[in-house]
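Enquirer: Based on what follows, work out the 3D shape:
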Amino acid sequence: MNERDFYIAEMLQHDGRGDHTSDICPGCPCPAFTPPPRYRCQDCLDSPLYCGACIIQNHIWLPTHHIEEWNGQFFRRVSLKDMGLRIQLSHAIGEWCILPRRAFNNDFVLIDANGIHDIGLDFCGCTTSQTHMKQLLQAGWFPSTSTDPRMAATFRVLHHYHILSFKSKVSAYEFYHSLDRYESFMCMVREWRHLVMLKRSGRGHDPGGVAGTSEGQCAVLCPACPQPGKNLPDNWQDAPKAKSWLYGLFLAIDANFHLKRCAVSLDETDPSLSRGWAYFVEEKYYKSYISDRAEDVQEKSTCSSHNAVNMAETKLAQGLAAMGVGTVDCARHNMKRPNGVGDLQKGEKYLNMDYLFFSTLRHSTVNVLNVSYDIACQWHKHLWSRMLSLPPSHHLNFLARTIHFFVPKFHLPAHISKCQTIFSFNFTRFVGHTDGEAPERGWSNINPVASSTKAMGPGCHRDTLDDHFGDWNWKKVVGLGSSLLLKMKEAQTEKAEHGAAFKEFDSVITSENHVAWKAEMEVWEENPNDTTVTNPLQPKGIVIMQASAHLSLAQLEAEELERGIDLSLHPDVSPSVLIASGIDLEEEQSTRWRLKVVAENIGIHATDRQKLNILHLRMSLRRKIESWRRTQLLYVPSVQALTNTSSTGGLDNAELMKLWLPSALHSIACDSRLQHIEWELRFAQAHDTLEELRQCLHVHCSLLNFKREWFHGQGANTCAQNALARVHARQVACVKHYRAAWGALKSLAPILKKVDWHGRLQDLSDDDMKPLIDPFATQGEGRRRLTWIWMMDGVDSHADGGDVDGVRIEWCKSRARVLHWAEEVDLLQEEMRWVLQFFNWQANWWEEQGVLQVHPHDGEEPGAAARREATAREENIPGNPAAVLLLPNLMIPEMP
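Expert: The predicted model follows:
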């Protein structure tokens, strides 16, 4: 901040001549005979002033630099053309053609990265000269027209705008919003995009030339997807069933309604330059198919009210030629598929999506297809009968392939419960950790161009989006090394953690249930669409739990009486009854704890009836405690001293009176038999309250889901809220009871010398109280983990009335998570091999293309561009000692 004056002074000096005030030109051999220097270049690093002859000589190679002239007071802009600089094409620098031909009217405009320039241009007129268009291209200038060009753009500025449009989604108008020649520049940009796409796909090397380009040939392919003949082993079709799933293709279908196009121009006026060579389908046949079947009525959804299905005919299309685009992507690596994109004329209709789906599958011969679509539950119905209306080239031999349909994980909760299991990635084998949401991730990249492409003609619109989709695919290819490695590390970690969690959960399941549930799940996995097969993920019913600890202790005392042993000091109350009654009173106190809160909330203006109700409840509780206390003194006389010193003996504090059970006596003498009885009862209480807590969590979750789906209106929602409040209150009571039992057990354990008594019991925290299926969970199904309360011995037992359905369903889901992460590791390892093999194949392909290059320039060794592309791939193949890696390292990490 202290140097601001210095900075400003230096900046102001650049507006004048500064230190360069000499009258001698530093570039002239004989300064005494030259005019004083008055010119400087804004773009050169050299800042001294030169004379006019020297400035022209210095810029024979740099005709697009900006020159300023000192007029005695300040600098003003002058052009090199006005100073006499002329550019001679098709001759070496400094050589002049004997028959130069000036540009039309000596008016030629060149667009470069630093602005727009008037150029003094001479074409070569020799007998061996090329056309004006070719002379410009040889100089690295892209002509605005092929006949008599009067304007051009440097390859540099076109490449600069090309990259800028990918990075910032800037439009050509925004790039040069002040140009008078915007339309010419836009035309050059479009032609440049198209030619670069052809060049990068090797069309310049093919003897068939551009005319021999086939549909989808210019698309950037996904190296991590199965590409028969490119990255799969020769015998991949003979792989056994246990491994054949690895060679499956994952597709994701979706629509984007941001990429609209206004009803501007026509295909006849503005045709596409590609004709289906990249990502968009060939427009002529596509529109012909759509128009021929425009009257077909689309069936309504039988699942949830999917707007994509039910509203397809009603979407507003006024003023629009296309309401958006439909796409088919690689579901695992988020790349656009060749011929998998097309305009949507009126909503997301089956006609459009069918054509795109079968168009892109013409480029694949894999035997396993996993298709993800947010309305797959409806769209897949009658798909094969609709296929018959497509051209024969689009037909698919579906009987010879294994095809699965899925709903993306994020969209799945919007479907009915039946769809949430049948079409779920989470519960289907051999799909790894795929989520099907790939298209959604790509929309954020392409949506910013919607504002500039909306007003384009049909051909320009498709060509521009094709270019952006190609850039997106290439960025994904470049990032495959790091992304696959990151996924592999995550998958290995998740595989280990979920494996350990399932092993712990499975250890508390009886062997009979383990065998039965596994067999049931395997049958359903083999036949997920067969309605006659029982779905193990569907609940069957709920039963209520009953405890048996009191009965066991009573039976033990009965056996002692039969042997002539009677330790009871009261004719009606045995030791076990005393402790059990005390625990019951403790639970009643915790239930009545809210009396204190209610009494405080009613304030000083409580009605007599309110006061009377509270008094009756407290009196009833106090009488119960005092009656129990008289019996307690027979068994534990030392309690008398404690009750005399207690400060909670008033009527107003009945719910706060201490009961002094053996666990609360600590160092005070107490019969060990009473301590053992309390231990047994407390241990049973802990398990019982946990089971009741699990039931409360299950019921609360079910009520909440039922309320969301079926209850509407204030009255119904109020009733539902009351029911939820009652369940929640019981849940809170269970937590208090468990924590009381846990505290008593911890207190008695050292007295009774109990070691390793915890078993699966733990201290209960608020984070542990989660249902089997948490509607508010932030983690997806594939990453969810159970809390310890669901891993107790006997959770799958009918004898205790447990939630067997819930445990069975969660066991099946937990098993599915373990299998999916194991599959993900196998699939990622295979994908890494495919990437390396694809680069190897592509490097060899480019080497072959270099030999085929047509029309090389005289004296040029053919195939330089092809060798450059081949080298970029070879440098990523293991064992190549490349000095510079153009792509991330794709070495497969060692398995642990």
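Enquirer: need the next SSE after the helix or strand bottoming out on mean pLDDT in the chain, C-terminal direction.
Expert: In the chain, the helix or strand scored least confidently by mean pLDDT, DSSP states H and E is helix 307-310, which has a mean of 53. Where DSSP states H and E defines the elements, the next helix or strand beyond helix 307-310 is strand 320-322.
Enquirer: so where's the stretch 101-250 of the chain shaky on pLDDT?
Expert: Counting by pLDDT under 70, the stretch 101-250 of the chain shows low-confidence ranges at 168, 170-183.
Enquirer: let's see 50
Expert: 178-180 (pLDDT under 50).
Enquirer: what do you get for the stretch 251-400 of the chain?
Expert: Low-confidence segments of the stretch 251-400 of the chain (pLDDT under 50): 314.
Enquirer: which helices and strands does the helix or strand hosting residue 735 pack with?
Expert: Per DSSP H and E, residue 735 falls inside helix 714-751. When contacts are defined as 3 or more C-beta pairs under 8 Å, 6 or more residues apart in numbering; DSSP states H and E, helix 714-751 packs onto helix 575-592, helix 662-665, helix 672-710. Quick note: C-beta positions are derived from backbone N, CA and C, even for glycine.
Enquirer: Between helix 575-592 and that helix, find me the angle.
Expert: Here helix 714-751 runs at an angle of 140 degrees relative to helix 575-592 (axes from the mean of the first three to the mean of the last three C-alpha atoms, to 10 degrees).
Enquirer: Counting neighbours, which bits of helix 714-751 end up buried?
Expert: 720, 727, 730-731, 733-738, 740-742, 744-745, 747-749, 751 (16 or more other C-beta atoms under 10 Å).
Enquirer: now stretch 57-65
Expert: Neighbour-count burial for stretch 57-65 flags 58, 59, 63, 64, 65 (criterion: 16+ other C-beta under 10 Å).
Enquirer: ditto for stretch 119-129
Expert: Those buried within stretch 119-129 under the rule 16+ other C-beta under 10 Å are 119, 120, 121, 122, 123, 124, 129.
Enquirer: for stretch 436-443, same thing?
Expert: Burial within stretch 436-443, assessed by neighbour count using 16+ other C-beta under 10 Å, is assigned to 436, 437, 438, 439, 440, 442.
Enquirer: just stretch 251-268 next, same as before
Expert: For stretch 251-268, a neighbour-count test (16+ other C-beta under 10 Å) marks 251, 252, 253, 254, 255, 256, 259, 260, 261, 264, 265 as buried.
Enquirer: how about low-confidence regions in the stretch 401-550 of the chain?
Expert: Filtered on pLDDT under 50, the stretch 401-550 of the chain yields the residue ranges 541-549.
Enquirer: Helices along that one, start to end?
Expert: Taking DSSP state H, counting those that start in this stretch as the test, the helices found in the stretch 401-550 of the chain are 419-422, 438-446, 450-453, 458-478, 480-506, 511-526, 549-562.
Enquirer: Quick one: closest of those helices to residue 160.
Expert: Smallest distance to residue 160 across the helices of the stretch 401-550 of the chain (C-beta to C-beta): 14.4 Å, for helix 458-478.
Enquirer: which of the residues in that closest one are buried?
Expert: Buried residues in helix 458-478, defined by neighbour count with 16+ other C-beta under 10 Å: 458-473, 476-477.
Enquirer: can you state the direction angle for it and helix 438-446?
Expert: Taking the same axes, to 10 degrees, one finds that helix 458-478 is oriented at 110 degrees with respect to helix 438-446.
Enquirer: Helix 458-478 packs against which elements?
Expert: Other elements packing on helix 458-478 under the criterion 3+ C-beta pairs under 8 Å, 6+ apart are helix 155-168, helix 182-200, strand 336-344, helix 438-446, helix 450-453.
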